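>>> here is the input, now give the coordinates:
(2 chains)
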2 protein chains.
Amino acid sequence: MRAAIAAALLFATAAMAAPAPDEVLKASPASDWHRLDPAELLVMQLKTGRVVIQLAPGFAPRTVGNIRKLVQDGYFNKNAAIIRAQDNYVVQWSRDPEPPTKGGWVEFERRPSASFHALKDPDTYAPQAGFDGDFPAAGDGKSEWLVHCYGMVGAGRDLAPNTGNGAELYAVTGQAPRHLDRNITLVGRVVQGMELLSALPRGAETMGFYGKSAPHVPILFLRIAADMPAADQPRLEALTTASKSFAAYVEARRNRGGPFFIRPAGRIDVCNIPLPVRAAP
Amino acid sequence: MRAAIAAALLFATAAMAAPAPDEVLKASPASDWHRLDPAELLVMQLKTGRVVIQLAPGFAPRTVGNIRKLVQDGYFNKNAAIIRAQDNYVVQWSRDPEPPTKGGWVEFERRPSASFHALKDPDTYAPQAGFDGDFPAAGDGKSEWLVHCYGMVGAGRDLAPNTGNGAELYAVTGQAPRHLDRNITLVGRVVQGMELLSALPRGAETMGFYGKSAPHVPILFLRIAADMPAADQPRLEALTTASKSFAAYVEARRNRGGPFFIRPAGRIDVCNIPLPVRAAP
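Below you'll find the predicted structure:
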């Protein structure tokens, strides 16, 4: 016990020199942030507020293109609802009941990109994990794919792999279900309003579907931000993952500073690095 | 694309032979399950239902002993409430306002136990990760500790390491905050009613505290199950982590079978293996 406390004091002294993640963000220059393009933001309006999703056309061009088309064609104008909330897993939405849809794409991975930056930390699921642009990603040198971290959004599909077309989407609300990586098309991530999805009452039926026993959560509208009146568009900026500030932020999360931590972890999981997003000036 | 689909079919054929995790549980013999001891279950009654926490006296004997004492002495009979819900992190409860408490313990790790079974999968945060009895744990050969998976319960503390005494507790509701491992005393895990905590509205103040702006969530009572009338006690059983069925369950989660998955992950994170608990017969 005495030895443990002595060790604790030693660690505390070392750790206090390191800045906390929030301090790194506060100290970051404006040039390390970039505006999120309204053409790539999907706005989902609920009664409780607004959920904003950043789309990932660089990873899922066809599925994202179809989401944009469905939204702009008014597909979601009628009976769009959140139909499923499974604890420690996902919430899911679509038209309800869902009309038959045709087609879909297998956009589970792509060729490696020069914009992929791997963390030095080992990852349980992939040879490399890190970031590519505004998204958490993984790779094996031959291929690159988005990973199922908290807040990531994917296109639900049937049993056949090429049946996800974006008419039904889900957001991850629990421990990163990395077993879904490369089994389903990820199309983006929630950048605002995630707590409106994660705090929804869980569905009582199998797999968390609300079923007929509980009221579904209506979606008032789904729109591409660029199609909204300028005053209504979300104005958001994200910390650039290729910036020095982001590297410092990752290091601050890897080895927590401040007086609380007595034993910095020394390692970080890609899904324990939420990508900072804030209101643009 | 053609190659991807051919590969998908190949994987699908291989994967379909493997049982799904639920099927493994259904096929498990009763002898692979064990009753949870009511003397080690803490019952937290909310307006919305009951949360049951299995305590871990084998890992945190002094803190768990003090929780038992506080509960039995009626410490929580007055003004107990959930005071914090931070998205993708924790919910926290205590008496509100919290009276000054004295003392606390550093029960962050213990000597390695023969009952620890490591997974073969690599872990980002620890040399070994796996299970010990009914809990997720990690180790490095010299030491062993509980890990912060979804649903784990810990004793909040102040800046000094030895200030957590169980008068204030938290449950993990987000992506496993493994950086807290060995920085704080874990005292157990939620075995029933987790969704009552995870779906609570998030607090609007710093760190998700409800503050004065939002009503706190009252805790109607906190009791040790063994102290309740027999008819009111939770009757639960857990799959024994040292059993063959548990090993098969882990393998089924590591390499998902069934017609949906085209690419089994081949690896599993300790926090992606929820420990099965069900109503006892």
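>>> contacts, neighbours, all on C-alpha from now
OK.
>>> other SSEs contacting the helix or strand harbouring A:Leu25?
Using DSSP states H and E, A:Leu25 sits within helix A:21-27. Here helix A:21-27 touches helix A:244-254, going by 3 or more Cα pairs under 8 Å, 6 or more residues apart in numbering or on different chains; DSSP states H and E.
>>> which residues sit against the helix it packs on?
A:18-21, A:24-25, A:28-29, A:32, A:239-241, A:264-268, A:273, B:179 (Cα atoms under 8 Å, 6 or more residues apart in numbering or on different chains).
>>> so A:Ala231 sits in a helix?
Yes - with DSSP: H, G, I helix; E, B strand; the rest coil as the criterion, A:Ala231 is assigned to a helix.
>>> for it, give me the pLDDT.
We have a pLDDT of 97 for A:Ala231.
>>> and the helices in chain A, which stretches?
Along chain A, counting by DSSP state H, helices occupy A:2-16, A:21-27, A:61-72, A:194-198, A:244-254.
>>> what's the burial count for the residue of chain A found nearest chain B?
Using Cα to the nearest Cα, A:Ala199 is the residue of chain A that sits closest to chain B, at 4.1 Å. A:Ala199 sits with 22 neighbouring residues when counted by other Cα atoms under 10 Å in any protein chain shown.
>>> quick check: closest non-adjacent residue to A:Ala137.
Distances taken as Cα to Cα, 6 or more residues apart in numbering or on different chains put A:Leu146 closest to A:Ala137, at 4.2 Å, once the chain neighbours are dropped.
>>> count of neighbours near that neighbour?
Neighbours of A:Leu146 under the rule other Cα under 10 Å: 28.
>>> ok, A:Leu36 - how many residues close by?
Neighbour tally, A:Leu36, other Cα under 10 Å: 18.
>>> looking at it, it is touching A:Leu239, isn't it?
No - with contact defined as Cα atoms under 8 Å, A:Leu36 does not reach A:Leu239; the gap is 10.1 Å.
>>> so what's A:Asp96 up against?
A:Asp96 neighbours (Cα under 8 Å, 6+ apart): A:79-81, A:83.
>>> pretty sure the residue of chain A closest to chain B contacts B:Gly203?
No - checked against Cα under 8 Å, the pair A:Ala199 and B:Gly203 is beyond contact range at 11.0 Å.
>>> what's the pLDDT at A:Lys244?
Listed pLDDT for A:Lys244 reads 98.
>>> kindly apply the preceding question to A:Lys212 instead.
Per-residue confidence (pLDDT) for A:Lys212: 79.
>>> I'd like to know how many residues surround it.
A:Lys212: 10 surrounding residues under other Cα under 10 Å.
>>> how close does it get to B:Pro264?
33 Å (Cα to Cα, to the nearest Å).
>>> and for A:Val217?
From A:Val217 to B:Pro264 the distance is 33 Å (Cα to Cα).
>>> neighbour-wise, which of the two wins?
Remark: of A:Val217 and B:Pro264, B:Pro264 carries more neighbours, 21 against 17, as counted by other Cα under 10 Å.
>>> the more buried one against B:Gly258, yeah?
No - between B:Pro264 and B:Gly258 there is no contact under Cα under 8 Å: 10.2 Å.
>>> quick one, what contacts the closest residue to A:Pro177 other than its chain neighbours?
Distances taken as Cα to Cα, 6+ apart put A:His148 closest to A:Pro177, at 5.8 Å, once the chain neighbours are dropped. Applying Cα under 8 Å, 6+ apart to A:His148 gives the contacts A:172, A:176-178, A:180-181, A:186.
>>> ok, and the closest non-adjacent residue to A:Gly193?
Counting by Cα to Cα, 6+ apart, the residue nearest A:Gly193 is A:Val51, at 4.4 Å.
>>> how about the contacts made by that neighbour?
A:43-45, A:190-194, A:196.
>>> how about a cut-off of 7 Å?
Residues in contact with A:Val51 (Cα atoms under 7 Å, 6 or more residues apart in numbering or on different chains) are A:43-45, A:192-194.
>>> likewise for A:Arg189?
A:Arg189 neighbours (Cα under 7 Å, 6+ apart): A:53-55, A:151-153.
>>> next one, pLDDT for it please.
So A:Arg189 comes in at 98 (pLDDT).
>>> tell me how many other residues crowd the nearest residue to it once chain neighbours are set aside.
Among residues not flanking A:Arg189 along the chain, A:Met152 sits closest, at 4.1 Å (Cα to Cα, 6+ apart). For A:Met152, the count of nearby residues is 26 (other Cα under 10 Å).
>>> write out the residues of the stretch 51-200 of chain A neighbouring chain B.
Proximity of the stretch 51-200 of chain A to chain B is confined to A:87, A:121-125, A:150, A:159, A:174-176, A:179, A:182-183, A:195, A:198-200 under the rule Cα under 7 Å from any Cα of the partner chain.
>>> if we use 8 Å, what do you get?
Within the stretch 51-200 of chain A, the positions adjacent to chain B are A:87-88, A:121-125, A:150, A:158-161, A:173-183, A:195, A:198-200 by Cα under 8 Å from any Cα of the partner chain.
>>> just the buried residues of the residues you listed.
A:87-88, A:121-125, A:150, A:160-161, A:173-183, A:195, A:198-200 (16 or more other Cα atoms under 10 Å in any protein chain shown).
>>> could you list which of those residues belong to strands?
Of these, none are assigned to strands by DSSP state E.
>>> find the nearest non-adjacent residue to A:Asp123, please.
Sequence neighbours aside, B:Thr124 is the residue nearest to A:Asp123 in space, at 5.7 Å (criterion: Cα to Cα, 6+ apart).
>>> double-check that neighbour against A:Val270; I have them as touching.
No - using Cα under 8 Å as the test, B:Thr124 is too far from A:Val270 to be in contact (9.6 Å).
>>> now the common contact residues for those two.
A:Asp123.
>>> in chain A, what helix or strand scores lowest on average pLDDT?
Least confident element among the helices and strands of chain A, by mean pLDDT, DSSP states H and E: helix A:2-16 (a mean of 40).
>>> can you list the domains in chain A?
With domains defined by automatic domain parsing, chain A comprises A:1-33+A:242-281, A:37-233.
>>> and B:His117, which of those is closest to it?
Taking Cα to Cα, domain A:37-233 is the member of the domains of chain A nearest to B:His117, at 17.5 Å.
>>> kindly check the end-to-end length of that closest one for me.
End-to-end distance (Cα to Cα), domain A:37-233: 10 Å.
>>> excluding sequence neighbours, find me the nearest residue to A:Leu119.
A:Gly130 (4.9 Å).
>>> do you know the pLDDT at the one you found?
98.
>>> so what's it up against?
Counted by Cα under 8 Å, 6+ apart, A:Gly130 has contacts A:116-119, A:136-138, A:270.
>>> tell me what it is bridged to.
A:Ala118, A:Ala137 (DSSP bridges).
>>> which one of the contacts of A:Arg189 is nearest to B:Arg68?
When these are compared against B:Arg68 (criterion: Cα to Cα), the nearest one is A:Gly151, at 37.1 Å.
>>> re earlier: top of the contacts of A:Gly130 by neighbour count?
A:Ala138 (28 neighbours).
>>> tell me the spatial nearest neighbour of that residue, not counting adjacent residues.
Ranked by Cα to Cα, 6+ apart and with sequence neighbours excluded, the top spatial neighbour of A:Ala138 is A:Ala129, at 4.1 Å.
>>> count of neighbours near that neighbour?
Residues lying near A:Ala129 (other Cα under 10 Å) number 28.
>>> let me see the contact set for A:Ser243.
The contact partners of A:Ser243, by Cα under 8 Å, 6+ apart, come to A:Asp32.
>>> returning to what we had before: which of the contacts of helix A:244-254 count as buried?
Counted by 16+ other Cα under 10 Å, the contacts of helix A:244-254 give A:18-21, A:24-25, A:28, A:32, A:239-241, A:264-268, A:273, B:179 as buried.
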